[in-house]
Structures are given as C-alpha cells and as structure tokens.
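Undergrad: Give me coordinates for this.
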Amino acid sequence: MQITTPFFFLSSLLSVINAIKFASPDTSRPLNLSDPVVFRWIVDPSTSENMHPYLELTFNSLGSKWWLNSNRIDTRTVDSWTWDSPKYVMEMVAVEQVLSAGKNNWFGTSLHSAKHANESGGSLPLETEKFEIEGYPYLSAAGMTVPSIRLGLAAGVVTIAAYLAPVGS
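TA: Below you'll find the predicted structure:
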C-alpha cells in the first residue's frame, strides 16, 4: 500500500502535466520577437486539468523572468492568446536589456487553481523547450553582451588615442 501511494501521486501529477500541450509557438525554430507571438494550446479533457485551469505565461532569458499576461487565462474557455512582443521589445530596447543568444530562452507556464494572484490555491509550474530568438538588438554572444562589447571597443579607442597623442613638455 505504501508503494502505490507515491505511484498514485505521480500518475495524478503526470495527468495534470499532460493536461495542456502547446501547439504554438514552434520553439524548434528561432522566435522572432519583432512579430506578435501566438500561443495555442490543446487541453486534454480526460485529465484532471480542471483542478488547475488558469494559465500564466512568462518569458525567461539570462536568469530573468517577465510575466507576459497580467490576467490568468481560463484554458477551459479559450485555446489561444497573443503576446504583443513588439511592445515588449520596444520597452526592453529602451533600457538596453540583454537577452540570451542561442537556445537559452524559454517560456514558463504555470497552471493555477485560482483565477487571481491574490487568491490562495495550488499551481503547477512547467517550462517549454529552450529556443533561439531573433528580431532583438541586444543579444549576449559567448558570454559577452552587446553593451560590454561597445564598452570594450570604446576603451580600446581611448587607449589608442592616448598612446598616439603627443606628450606635453
């Protein structure tokens, strides 16, 4: 009996995890952030998904997380949602936010039992496969960020200019 209890819990958890599958965006190809991103999902009605029907989405890159939808989405009533990523890009470019190059970005999803964040209830965090992004100017490159490359080049120019400048007598 003690052995079946963990298996029962695990099978219940797996049914919730399999309750929602994303049909888009396609994370096997680079995601263009200069175009709106459409999330489409399929809910398996035979699972215990009704326990956690409210979806929350995040974008994750370089250890940072941004919530995409301020209102949780009821997956029982809609099967898609569009993220205004060009607006996000505009805001992040303004502060020169660096995002990760390569397959180091992912969408986090949380299925919640409560519709609003200020209500108590359970949640189930999940992650998509990692993907590349394009359509964004500040991408890290092999540990170097675009602003740090600019700073390095500027320091090199100042050093060369100082070396070539005549020394006063």
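Undergrad: how close does Ser24 get to Ala141?
TA: Separation of Ser24 from Ala141 (Cβ to Cβ, to the nearest Å): 28 Å. Where C-beta positions appear, they are placed from N, C-alpha and C, glycine not excepted.
Undergrad: Sorry, wrong one. I was asking about Ser61.
TA: 14 Å.
Undergrad: do Glu96 as well
TA: For Glu96 relative to Ala141 (Cβ to Cβ), the value is 15 Å.
Undergrad: again with Leu111
TA: 35 Å.
Undergrad: When those two are compared, which one has more neighbours?
TA: Taking neighbours as other Cβ atoms under 10 Å, Leu111 and Ala141 compare with Leu111 leading, 22 against 13.
Undergrad: mind listing the helices for this protein?
TA: Counting by DSSP state H, residue ranges of the helices within the chain are 4-17, 85-94, 146-164.
Undergrad: Neighbours of the residue lying closest to Leu62 once chain neighbours are set aside, how many?
TA: Distance criterion Cβ to Cβ, 6 or more residues apart in numbering; nearest residue to Leu62, sequence neighbours excluded, is Ser100 at 4.8 Å. For Ser100, the count of nearby residues is 20 (other Cβ under 10 Å).
Undergrad: tell me the contacts of Ser100?
TA: With contact taken as Cβ atoms under 8 Å, 6 or more residues apart in numbering, Ser100 is in contact with Ser61, Leu62, Ile133, Leu139, Ser140.
Undergrad: Tell me who's in contact with the third one.
TA: Neighbour list for Ile133: Pro30, Leu31, Asn32, Leu33, Ser61, Leu99, Ser100, Asn105, Leu139 [criterion: Cβ under 8 Å, 6+ apart].
Undergrad: just the buried members of those?
TA: Leu31, Asn32, Leu33, Ser61, Leu99, Ser100, Asn105, Leu139 (16 or more other Cβ atoms under 10 Å).
Undergrad: is the last one in a bridge, and if so with what?
TA: So that's Leu139. Leu99 (DSSP bridges).
Undergrad: just checking, it touches Val98?
TA: Yes: counting by Cβ atoms under 8 Å, Val98 is a contact partner of Leu139 at 7.2 Å.
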